[in-house]
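Enquirer: model this:
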Amino acid sequence: MPSTPRPRTSEDRATFRRRCLRAAAVTGFLALGATALIGGPALAAHGDVSLAGSNFEIDTDANLKVDHTAPPSLDWANVAEARKADLASGSGDDSFGQGSKEDTLVPSVVDGSIPPNKSDLKNFGTYLEETAGGDFLHMFWHRVQDPSGTTNMDFEFNQSETISSNGVTPERTAGDLLIQYDLSQGGTNPQLFLSTWVASGPKSQCEAANSTPCWGTRVNLSATNDATGSINTSAIPSAEADGLGDISPRTFGEATVDFSAIVGDDCVAFGSAYLKSRSSDSFTAAMKDFIAPLETGINNCGALKIVKTKKHAAATPTTQPHAGVVFNVSGGSLPAGTTATTNASGVACIAGIDAGSYTVTEQVPTGYAVTSANPQNATVVADTTCDTATPVTFTNMPLTNFTITVDSQIDGGTASTIDCDAAADPPFEATTGANGDGSLTKNNLQPGTYTCVIIIDP
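Expert: Reported below is the predicted structural model:
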């Protein structure tokens, strides 16, 4: 049984943060610097290599069943993971072609069988475990046969929901994650690495490419005790395979990554993930088989949606969307001075922000009065988008000015009083001057009934 790794010291944690900050550069990985990292793997007496703080079993001989009732007490058989099966092996199985590599911006997707000495994939799954001390990302892969040579499985997690020009994989954006599962020939203890997608900047940020965009410099998560994994060294019978069927030795692997250590405490949204295999342990090796992306459900971010309408007497219907209205939004981790402006549909939205309470204040446009509360409190709910968020609604009413004029035809011949609402504060009233002329003007009136009495020469 492997020996127990030592707990990380504060110096170890500081070193890890420095390495990650250098590797992340402009990718948004900077949030790691404020993260309190969780300790390394603690080997339990029953032979698991689970990460400390996690309740998920990563067994030295990987399997899918719960082996113990005491923590760790989660395994693939009793969690609701996101799971995806590959297309059937053979000429209809999709794979990467034309020399596509990890750094290829849009990898080429082709049909064709996988060479027998490479990993022909069958299934993969992901599960995010949320605990009081942090989040843990669990992954498994399942392949057809035990290939010769090394095992190289890469899990790519993407933030964007936009599909690239190959029609299958999402477009990459800064901060996307590539978790690499590397296992030497005959080995049972994989090494796990992390790269983040770098959108721009100097090539020194890249692991292998000569220019950005690229996958950034790799961080060895196993070396920093922020990841653990294993492979099955014995057969797994169908009855214990959670629906995957009989699994022969060395065709199933699993891993756990300290997700909070990777992404920090801010909200994260990796909507999809896919699994792929490389032809060798070189990062620049050609990619081979892959399983098309699945929806991960990894999203603790939310959206703040604002709907703005106005009344317009000449329009049908009289309530219309109000475009171009600016709102000040504060709360969460939003920077001071954050604003949102309504579009032609009268909608403004800020997506990908922390769940919680926010304050929304309308910058009331000239000629209108707010007929709803201003400001308003808004609650952002995790795992919502601009399409699914419950909006806060603001309504405006156009304003009107009126002027009543009295003109004595004989200069000073009459004196008059204009009284629209003497009880108002200030009163709606005016008297004529010495020449008998005068007027009363009232501005910024909302729609309503205003009755005026003009008394001439009482």
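Enquirer: any idea how far the spatially most central residue of the chain lies from Asp354?
Expert: In the chain, the residue lying closest to the centroid (C-alpha atoms, centre = their mean) is Ala269, at 2.5 Å. Ala269 sits 11 Å away from Asp354 when distances are taken as C-beta to C-beta, to the nearest Å. In short, each C-beta sits where N, CA and C put it, glycine included.
Enquirer: Give the residues shared as contacts by those two.
Expert: In terms of C-beta atoms under 8 Å, 6 or more residues apart in numbering, Ala269 and Asp354 are both contacted by the residues Cys301.
Enquirer: one step back: just give the closest residue to the residue nearest to the centre of the chain, not the sequence neighbours.
Expert: What sits nearest to Ala269 in space, not counting adjacent residues and going by C-beta to C-beta, 6 or more residues apart in numbering, is Asn299, at 4.1 Å.
Enquirer: my guess is the one you found contacts Asp383, does it?
Expert: Yes: contact criterion C-beta atoms under 8 Å: Asn299 and Asp383 qualify, at 4.6 Å.
Enquirer: Tell me which of those two has more neighbours.
Expert: Between Asn299 and Asp383, Asn299 has the larger neighbour count (other C-beta atoms under 10 Å), namely 19 against 15.
Enquirer: gap between the more buried one and Val263?
Expert: Here the criterion is C-beta to C-beta. By it, Asn299 lies 12 Å from Val263.
Enquirer: show me what contacts the nearest residue to Asp246 once chain neighbours are set aside?
Expert: Spatially, and ignoring its direct neighbours in sequence, Asp246 is nearest to Ser238 (4.8 Å; C-beta to C-beta, 6+ apart). Residues in contact with Ser238 (C-beta under 8 Å, 6+ apart) are Leu244, Gly245, Asp246.
Enquirer: What number of residues are in the vicinity of the first one?
Expert: One way to gauge burial is a neighbour count; for Leu244, by other C-beta under 10 Å, it gives 20.
Enquirer: Can you tell me how far it is from Ser238?
Expert: Shown here: Leu244 relative to Ser238, a distance of 8 Å by C-beta to C-beta.
Enquirer: Could you do the second one as well?
Expert: Using C-beta to C-beta, one gets 5 Å for the distance from Gly245 to Ser238.
Enquirer: Equivalent analysis for Lys122, please.
Expert: Taken as C-beta to C-beta, the span from Lys122 to Ser238 is 14 Å.
Enquirer: which residues do those two both contact?
Expert: Taking C-beta under 8 Å, 6+ apart as the criterion, Lys122 and Ser238 both touch Leu244.
Enquirer: quick one, helices of the chain?
Expert: Here the chain has its helices, by DSSP state H, at 10-24, 259-263.
Enquirer: And those helices, which one averages the lowest pLDDT?
Expert: In terms of average pLDDT, helix 10-24 trails the rest of the helices of the chain, at a mean of 39.
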